[in-house]
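return atomic coordinates for the entry below.
(3 chains)
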Amino acid sequence: MKTSLWLLDINGEFIQGNPEIRLWGLDGEGRRILVRDSRLLPYFYLVLNGTRESEDIANEIEKTHLPSLEKVDVVNRRYFGKQVKALKITVRDPSLIEGYVKKLAKVHGVETHLEDDLRYSYRYLVDNGVSPCHWHEVDVEEVRNDLKASVEAVYRAESTPKLGEKADSPSMRVLSLSMMAHSPTGAPKPDNNPVDIISCATNSGETKQFATGNKDDEPTLEAFIKYLRDFDPDIIATFGGNTFEWPFLLERAKRSGLKLQVDRLDTEPHRSAYGHISITGRANVDFSDFSDEIGEVKVKSLENIAAFLGLPEATAPIIEDVDYADYWNDPKRRPELLEFSMRRARLILGLADELLGFAEELSSLSGLPLDQVGAAAVGFRIESYIIRQALNYGELIPQRLERPYFPYQGGIVLNPKPGLHEDVAVLDFKAMYPNLMITYNISCDTYIAPKEPTPPEGVNAAPEVGHRFRKEPPGLYSRVLKELIQTRDRVRVEMKGLKPGDSAYRIRDARQRAIKVMTNAAYGYAGWVGARWYIRPVAEAAAAWGRYTITRAIETARKMGLDIIYGDTDSVFVKYDRGKTDRFVREVEAEMGLEIRPDKVYRRVLFTEAKKRYAGLLEDGSLDIVGLEVARGDWTELAKDVQEGVLGILLRDKDPEKAAAYVREEVSTLRAGKVPLRDLTIWKTLTKDPKEYAVRVAHVEAAKRLAEKGWEVTTGDKVGYVIAKGEGKLYQRAVPYAFASPEEVDLKYYEEQQILPSALRVLSMFKITEKQLQP
DNA sequence: GCTGGGCTCTTACCC
DNA sequence: ACGGGTAAGAGCCCAGCG
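Modelled structure (predicted):
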């Protein structure tokens, strides 16, 4: 028989001497199914150096009679675009590969070993072109559910699952989860502190809460496990669950002698690829992993992200984690905490509703399973996409190597013309680096090293740096990028016929955004020393062609008499003249073979002398503020609000005096103590362990003060602090936001080091001085 | 012992 | 754990100082 399968989760096992892939998903009838496939044996390659006959080496290896060795095949492949002979070594037990590689790589005539570092389950996806979050057709035979898997049917695969047409996801059960615990001495630790509250919300509209009555959380955990298994979610949504909820719950369960059996088999959640927590048969998605995609939100808390997405309840009052214990221990206030926890579960569910589509698209495009794709860094997502394409071209997958890092020259940034300009158009090259890579065939497998002869088909040589790339055939990057760009264009055309807000539109929008993310990542990937296909000249050449392109565009504009105000990497800001601009666009496109388009037109735009910082008034009357304090997360809300107010007055009214008066008002408000603590808080990221800093800085000192009280902050966390009155350096006066009180705040600091600099940054252009900003 | 200029460290932005 | 280019604040160092 045949079944359709929408792939939700995959895992590889080795049982009774055989490797087995388990594909978990849904079928066309919406049933949960498990497809077991033992038809693919794991393998790796030995690349040969040509000093011996391939068959001789193959024979030698076969004669070793390694117990799990199945087969040795001589094959032709490509490696960085060059033809190579390789041996494909097929092995039955994936866990033995590592040992075999060590042994066989030493055989005379073997240059290197490849693809032994791919997980078996990932190998299966890549080899068969099977995609997570995608429909497949597969020939199957129904078998007994002897694994006791929580599914409606178990099958044995009798064919390779065949990728079906791109179609809507099946309707799935989503459960969100938020947990709370407390300690009298700081952050809760699972070895000492019980779980207080577990809140769940489901996309069927249910909410459910489990709270611990006394100190014994065993009944809480038991009830939660039972509830989760009964609901049987396909997707488990958390916000930070990979680092907080799951490790905590696992430890608590262990202490009670309970099994945290929340999967579709009989195992427990476990840490797996990219550090995510895997729950067999389901997709455990930690939505905090997607908060990087939302650049507008600087402090990436659940509430802030939910508020940005416009979710109901997102702006209701927050209970800070330092206050949990007080709420929990006070019978009058405990209900508030319970409600707060429940609200978090609802917000996570809302986040899942907003972001799951994007996550699914990213998963199906990259080929990384849904539970992994968020946890995987951008470089690994694009690499996964490239790996899948490489297979189609017979290109072997290089190892991941540790390499030294040497910087190279990047894009050009022009000095802006300072001042207020009327009618300025921003023209930018559409997807400049990807298109350069396509146009000049810049790729890891088309690069011709300096000592190599010029191939007959000819080369493109990069300006300035001289790196050469063969003109034919199209390289891996070229093909990958062409396909991505074409697919995105197609999706966007489809969107034109749909209503925004419709689910069909939303799905396609998520899809085109996922494709854009991947397309834009390709150039960065090429220059990343951690990339499997890293070749520095690839990135260096793309950057050089970028400089060449923008320089030529600037020359063209000058010749035409277009007044250039500014430019950065792939954009030029010109005094807007409809006729000249149209001609400029046509001319540049004809000359460079790259598309350049007016991105936006400013009615008025303000530059200081600094690059990468400006503010403009768009034609719809809105402000567009770039690079300035308003756009930064490490300035107080106060300073940002004042600067935004100033910019609004300058750009709309062209009245510096009025702006100065506005600043004086704001200073008075501050002096009167009317600015809330929240707006005086500075948030900065801890980029390394507090011990590793070479100098003493405020946010690190604040982090240490948090740690002293048991609130450990770790690398990657944002620390909020305020500056208190007193003597000494700023770092000596940094008080963690959570411990700060309004009375101790040093208002003078906020006036002199926050409001004044951010206001003067733009007002000094108009000869307004500090004195004029004093009330 | 203090001051101020300049360098360094650090963060977060732009494209 | 994707690239380089850039601004900016605060700490730190030390020459110069009757």
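
who touches residue A:184 in this structure?
Residues in contact with residue A:184 (C-beta atoms under 8 Å, 6 or more residues apart in numbering) are residue A:325. For glycine as for every other residue, the C-beta is placed from the backbone atoms N, C-alpha and C.

packing partners of the biggest strand by length in chain A?
Ordering each strand of chain A by length in residues (DSSP state E) puts strand A:2-15 first. Here strand A:2-15 is seen to pack against strand A:18-26, strand A:32-37, helix A:120-128, strand A:135-142, helix A:370-373 when contacts are counted using 3 or more C-beta pairs under 8 Å, 6 or more residues apart in numbering; DSSP states H and E.

closest one to DNA strand B among the ones you listed?
Judged by C-beta to the nearest atom of the strand, the one of these that comes nearest to DNA strand B is helix A:370-373, at 21.1 Å.

what about that closest one, near DNA strand C?
No - residues of helix A:370-373 are not located near DNA strand C by C-beta under 7 Å from any atom of the strand, the shortest gap being 11.8 Å.

the helix or strand that that helix is followed by near DNA strand B at all?
Next along the chain after helix A:370-373, taking DSSP states H and E as the criterion, comes helix A:378-392. No - against DNA strand B, helix A:378-392 shows no contacts by C-beta under 7 Å from any atom of the strand, the least distance being 11.4 Å.

got a list of contacts for helix A:378-392?
In contact with helix A:378-392 (C-beta under 8 Å, 6+ apart) are residues A:125-127, A:129, A:274, A:362, A:365-368, A:373, A:376, A:396-397, A:476-477, A:479-480, A:483, A:517-518, A:521-522, A:524-525, A:528, A:530-533.

stretch A:206-220 now?
Taking C-beta under 8 Å, 6+ apart as the rule, stretch A:206-220 contacts A:194-202, A:221, A:223-224, A:227, A:231, A:252, A:256, A:258, A:338, A:341-342, A:345-346.

looking at those residues, which are in helices?
Under the assignment DSSP state H, the contacts of stretch A:206-220 contribute A:221, A:223-224, A:227, A:231, A:252, A:256, A:338, A:341-342, A:345-346 to helices.

of those residues, which pair is most distant in space?
Using C-beta to C-beta, the ones in helices among the contacts of stretch A:206-220 span at most 27.8 Å, a distance reached by A:256 and A:346.

more crowded one of these two?
More neighbours surround residue A:346 than the other of residue A:256 and residue A:346, with 20 against 17 (other C-beta atoms under 10 Å).

for the more buried one, give me its contacts.
The contact partners of residue A:346, taken as C-beta under 8 Å, 6+ apart, are A:176, A:201, A:207, A:313.

now residue A:768
Going by C-beta under 8 Å, 6+ apart, the list of residues near residue A:768 reads A:656, A:659-660, A:760.

swap in residue A:247?
A:190, A:277.

show the model's pLDDT score for it.
Here, the pLDDT recorded for residue A:247 equals 98.

A strand includes it, no?
No - Residue A:247 sits outside any strand when classified using DSSP: H, G, I helix; E, B strand; the rest coil, being helix.

SS state for the closest residue to DNA strand C within the stretch 501-650 of chain A?
Minimum separation of the stretch 501-650 of chain A from DNA strand C (C-beta to the nearest atom of the strand) falls at residue A:524, amounting to 1.8 Å. Classification of residue A:524 by three-state DSSP places it in helix.

coming back round to it: and of the contacts of residue A:768, the nearest to DNA strand B?
Of those, the one sitting nearest to DNA strand B (C-beta to the nearest atom of the strand) turns out to be residue A:760, at 18.1 Å.

element containing that closest one?
Element membership for residue A:760, per DSSP H and E: helix A:756-763.

now that helix, how far from the centre of its chain.
The gap between where helix A:756-763 is centred and where its chain is centred comes out at 34 Å by C-alpha atoms, centre = their mean, to the nearest Å.

still on that earlier bit, and the helices and strands packed on strand A:2-15, which is most packed in?
helix A:370-373 (a mean of 27; mean count of other C-beta atoms under 10 Å).

what pLDDT, on average, does that one get?
98.

quick check: closest non-adjacent residue to residue A:278.
Computed as C-beta to C-beta, 6 or more residues apart in numbering, the closest residue to residue A:278 that is not its neighbour in sequence is residue A:272, at 4.1 Å.

any idea how far DNA strand C is from that neighbour?
For residue A:272, the distance to DNA strand C equals 13 Å [C-beta to the nearest atom of the strand, to the nearest Å].

what does the stretch 201-350 of chain A have sitting close to DNA strand C?
residue A:274.

likewise the stretch 401-550 of chain A?
A:407-411, A:413, A:520-521, A:523-525, A:527-530, A:539, A:543.

just the buried subset of those, please.
Burial by neighbour count, judged by 16 or more other C-beta atoms under 10 Å, picks out A:520-521, A:523, A:525, A:527-528, A:539, A:543 from these.

residue ranges with poor pLDDT in the stretch 401-550 of chain A?
Residue ranges of the stretch 401-550 of chain A with pLDDT under 70: none are present.

residue contacts, the nearest residue to residue A:461 once chain neighbours are set aside?
Distances taken as C-beta to C-beta, 6+ apart place residue A:468 nearest to residue A:461, at 5.0 Å, with adjacent residues excluded. Residue A:468 is in contact with A:447-448, A:454, A:459-462, counting by C-beta under 8 Å, 6+ apart.

what's across from residue A:448 in the sheet?
Following DSSP bridges, residue A:448 is listed with bridge partners residue A:468.

actually residue A:137, not the one I typed
residue A:4, residue A:162.

so residue A:59: helix, strand or coil?
Classification of residue A:59 using three-state DSSP returns helix.

that one and DNA strand B: what is the separation?
Residue A:59 is 54 Å from DNA strand B, by C-beta to the nearest atom of the strand.

and for that residue, the neighbour number?
11.

please apply the same query to the one 5 residues further on.
Residues within reach of residue A:64, counting by other C-beta under 10 Å, total 13.
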